[in-house]
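K.L.:
For reference, the sequence and a predicted model appear below.
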Amino acid sequence: MNSLIKLELTRALRNRKFLFFSVIYPSALFLLIAGSAGSTDKIDGTGLTVATYMMVSMASFGALTAVLMGNSERIAKERESGWVRQLRLTTLPGRGYVIAKTASAAVVSLPSIVVVFIVAATVKDVRLDAWQWLALTGAIWAGSLVFAALGVAIGYMASGDAVRPITMITYFGLSMLGGLWMPATTFPDWLQSIAKWLPTHAYAALGQAIEQSQSPHAKDITLLVVYFALFAGGAAWLYRKDTLKA
């Protein structure tokens, strides 16, 4: 399994398009959105400045991009090409393939988080305590596993031709409605009510609580745990179903 993880990492790091959208793109969006905001401008209803709020949002968005976009399309294409079927003939257990995909995506997601933090600190002068930087990195990185599981599920659910539109709709829908691109507090009341139950909203809320020197809300943690169980359970069921077809 370690060899497969190394192979997946090598493939991801050689994919310049993937690295651009997962590492450079979130930082560019951060500068576009927060670049013109003053250092004291705050997001209504959050108590956070525009720069600190968008830093967490874009770091979360970058991690989401790495684990969701990376997993779903590669798995669907590998199923169609017969690569997954070949792996089943080896001693690698089924769970090893899924773990390798999730682990490699999680490793690649780390640079996207760190780069956004560096840009925010150097360009927008965001200052936090050392424990907050470490806690933010750990919380956003760990939370990305929820979406890694979703990526695996989509990869086993969709065909090679259908996986991209399904992934893009899911990706942009969760990003926009979850408040990653703009504060959910600017949404109409009815849309805010929906956003509060989305995994992306709870995901970003983890980092926002840490920035305010608070513990993450129990509701947000519970939502992420429930979504992870649903996505991981769905991925496992779809994997077994795909195995039976083979």
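P.N.:
Cool, the structure landed.

K.L.:
which is the next helix or strand following the one helix or strand Gln208 maps to?
P.N.:
Under the criterion of DSSP states H and E, Gln208 resides in helix 199-211. Moving toward the C-terminus from helix 199-211, the next helix or strand (DSSP H and E) is helix 218-245.

K.L.:
how far away is the residue nearest in space to the middle of the chain from Ala162?
P.N.:
Closest to where the C-alpha atoms of the chain average out (C-alpha atoms, centre = their mean) is Leu64, at 1.8 Å. Shown here: Leu64 relative to Ala162, a distance of 20 Å by C-beta to C-beta, to the nearest Å. All C-beta atoms are positioned from the backbone trio N, CA, C, and that covers glycine.

K.L.:
Secondary structure of Asp161: a helix, I assume?
P.N.:
No - going by DSSP: H, G, I helix; E, B strand; the rest coil, the assignment for Asp161 is coil, not a helix.

K.L.:
That one: neighbouring residues, count only.
P.N.:
Neighbours of Asp161 under the rule other C-beta atoms under 10 Å: 10.

K.L.:
again, but for the one 4 residues further on
P.N.:
A count of nearby residues for Pro165, using other C-beta under 10 Å, gives 10.

K.L.:
Repeat that for Ala229.
P.N.:
Neighbours of Ala229 (other C-beta under 10 Å): 12.

K.L.:
for the one 3 residues further on, same thing?
P.N.:
As a burial measure, Ala232 scores 19 neighbours (other C-beta under 10 Å).

K.L.:
out of everything not next to it in sequence, what's closest to it?
P.N.:
Ala149 (4.3 Å; C-beta to C-beta, 6 or more residues apart in numbering).

K.L.:
To what extent is the one you found buried, counted in neighbours?
P.N.:
For Ala149, using other C-beta under 10 Å, the count is 26.

K.L.:
where are the low-confidence patches of the chain?
P.N.:
1-21, 38-39, 81-103, 242-246 (pLDDT under 70).

K.L.:
Now do the helices in it.
P.N.:
Secondary structure of the chain (DSSP state H): helices located at 2-14, 16-19, 25-34, 50-64, 70-81, 83-88, 94-123, 130-157, 163-177, 189-195, 199-211, 218-245.

K.L.:
Roughly how far does Glu73 sit from Lys196?
P.N.:
30 Å.

K.L.:
Looking at these two, which one has more neighbours?
P.N.:
Neighbours per residue, other C-beta under 10 Å: of Glu73 and Lys196, the larger number sits with Glu73, 21 against 16.

K.L.:
Tell me the spacing between that one and Thr170.
P.N.:
Glu73 is 12 Å from Thr170, by C-beta to C-beta.

K.L.:
what's the closest non-adjacent residue to Ala205?
P.N.:
Here the residue nearest Ala205, using C-beta to C-beta, 6+ apart, is Asp220, at 4.5 Å.

K.L.:
is it true that that neighbour touches Ala204?
P.N.:
No - using C-beta atoms under 8 Å, Asp220 is not in contact with Ala204, being 9.0 Å away.

K.L.:
okay, the two: which has more neighbours?
P.N.:
Each of Asp220 and Ala204 has its neighbours counted (other C-beta under 10 Å); Ala204 has more, 27 against 20.
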